[in-house]
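> Here you go, sequence then predicted model.
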Amino acid sequence: MTWFKSNKGPRAVLREEDKTVRTEGLFTKCESCRAIIWKKDLDANDRVCPKCGYHFKIGAHERLRMLFDEGAYETLDADLVSPDPLKFVDRQPYSEKLAAAQRATGLNDAVVNARGKLGGRATLISAMEYSFIGGSMGSVVGEMITLAIERALAERVPLIAVSASGGARMHEGVLSLIQMAKVSAALVRLDDAHIPFISVLTDPTTGGVTASYAMLGDLNIAEPGALIGFAGPRVIEQTIRQKLPKGFQRAEFLLQHGMLDAIVDRRSLRNYLIIAQSFFLA
């Protein structure tokens, strides 16, 4: 008679690969100090390196969740899409490049307009998405920022623009370039109405975006280490035939030479903007 009977099946044999702790995708390397950072720690620190303070690039929606009260906001003007007016083709048709960027980001173009509360005050924010064709400004981006300005005028609420851009979008030619004038003209109306416009420049902010609305804020602030400029350093050196100083076109250099009002760490940006709006609207 069998007094004891085992209910266990055949013993499982662990494969060699199962003995390895799976860490792929859990860590990332800082582009500045090369420290290995657990991604959860990085996210909890607003994607700022806890070792050296390097600011990782973040997307438009992530930026909006960080700034608005409780991360709550309503997106606006999200139905605008470029019609590819020039039927532009380089290595691939512009229409295909647009479609690929739309699939990758879930956006129709390189900016997100949003309405929400910032410190309990109704605020409009236009945040650029750098991963959408380098955050370049085409006719849709120019129109969306102009619409945000006009909405700020109509509702008499502050407007914040968060730039992250490689400049004007060459695929739309002069139609892209004229957005600089259109947005700048709209900002004149906002200024005449005494409605605050705060510009936040992140890494990178270059080309036609820098040459237009990004530097036209009542308050121009930047994240630490942000690359900010119009033409690239090599083009400037070839034009003026001089070697550029170290750190040229970085936020710290621009602040030192009077091109910015402040440099604000991302982790303090929300509180800084709340205080700034209170100052303008007091």
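Arrived safely, thanks for sending. The model shown is predicted, which means the values in this text are computed figures rather than measured ones.
> ranges for the strands of the stretch 101-250 of the chain?
111-118, 121-128, 159-165, 197-205, 219-222 (DSSP state E, counting those that start in this stretch).
> got a list of what the closest residue to residue 73 other than its chain neighbours touches?
Of all residues not flanking residue 73 in the chain, residue 116 sits nearest, at 3.5 Å (Cβ to Cβ, 6 or more residues apart in numbering). From N, CA and C alone the C-beta is placed, and that goes for glycine too. By Cβ atoms under 8 Å, 6 or more residues apart in numbering, the residues touching residue 116 are 64, 68-69, 72-74, 122-123, 125.
> quick one: residue 116 and residue 100, what's the gap?
Look at residue 116 and residue 100: by Cβ to Cβ, to the nearest Å, they are 30 Å apart.
> Likewise for residue 106?
For residue 106 relative to residue 100 (Cβ to Cβ), the value is 12 Å.
> ok so, going back, how about the strands of the stretch 101-250 of the chain, which one is nearest residue 44?
strand 197-205 (19.8 Å; Cβ to Cβ).
> Quick check: which helices or strands does the closest one pack against?
Counting contacts by 3 or more Cβ pairs under 8 Å, 6 or more residues apart in numbering; DSSP states H and E, strand 197-205 is packed against strand 159-165, helix 173-192, strand 219-222, helix 266-281.
> What are the contacting residues of the helix or strand of the chain with the lowest mean pLDDT?
When the helices and strands of the chain are scored by mean pLDDT, DSSP states H and E, helix 233-240 comes last with a mean of 90. Contact with helix 233-240 is made by 231, 243-244, 248-249, as judged by Cβ under 8 Å, 6+ apart.
> swap in stretch 35-43?
25-30, 48-52, 56.
> Tell me the buried residues within those residues.
Burial by neighbour count, judged by 16 or more other Cβ atoms under 10 Å, picks out 28, 30, 48-49, 56 from the contacts of stretch 35-43.
> Which of the residues you listed sits closest to residue 274?
Nearest to residue 274 among the buried ones among the contacts of stretch 35-43, with distances taken as Cβ to Cβ, is residue 48, at 19.1 Å.
> partners of that closest one in the sheet?
Residue 48 forms beta bridges with residue 55, as assigned by DSSP bridges.
> So it is in contact with residue 56, correct?
Yes: the pair residue 48 / residue 56 is scored as a contact, 7.1 Å apart, by Cβ atoms under 8 Å.
> residue contacts, residue 211?
Contacts of residue 211 (Cβ under 8 Å, 6+ apart): 180, 230.
> State the number of residues packed around residue 242.
By other Cβ atoms under 10 Å, the residues close to residue 242 number 9.
> The one 3 residues further on now?
Residue 245 has 8 neighbouring residues, counting by other Cβ under 10 Å.
> secondary structure class for the nearest residue to it once chain neighbours are set aside?
Nearest non-adjacent residue to residue 245, counting by Cβ to Cβ, 6+ apart: residue 253, 7.4 Å away. At residue 253 the chain is in helix, as set by DSSP: H, G, I helix; E, B strand; the rest coil.
> What of residue 259?
coil.
> which residues does it contact?
If you count contacts by Cβ under 8 Å, 6+ apart, then residue 259 has 215, 220, 228 around it.
> In JSON lines, list those along with pLDDT.
Converted to JSON lines, the contacts of residue 259 look like this (pLDDT from 0 to 100):
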{"residue": "215", "pLDDT": "97"}
{"residue": "220", "pLDDT": "98"}
{"residue": "228", "pLDDT": "97"}
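> if I pick residue 110, what's in contact with it?
Taking Cβ under 8 Å, 6+ apart, we find residue 110 in contact with 101, 128-130, 132-138, 140-141, 165.
> Could you identify the most distant pair in these?
That would be 130 and 140, which, of the contacts of residue 110, are the farthest apart (Cβ to Cβ) at 15.6 Å.
> Most neighbours among the contacts of helix 233-240, which one?
Of the contacts of helix 233-240, with other Cβ under 10 Å as the count, residue 249 tops at 22 neighbours.
> so how far is residue 129 from that residue?
Taking Cβ to Cβ, one finds residue 249 at 22 Å from residue 129.
> Domain parsing of the protein, as residue ranges.
Following automatic domain parsing, the chain resolves into domains at 22-56, 58-281.
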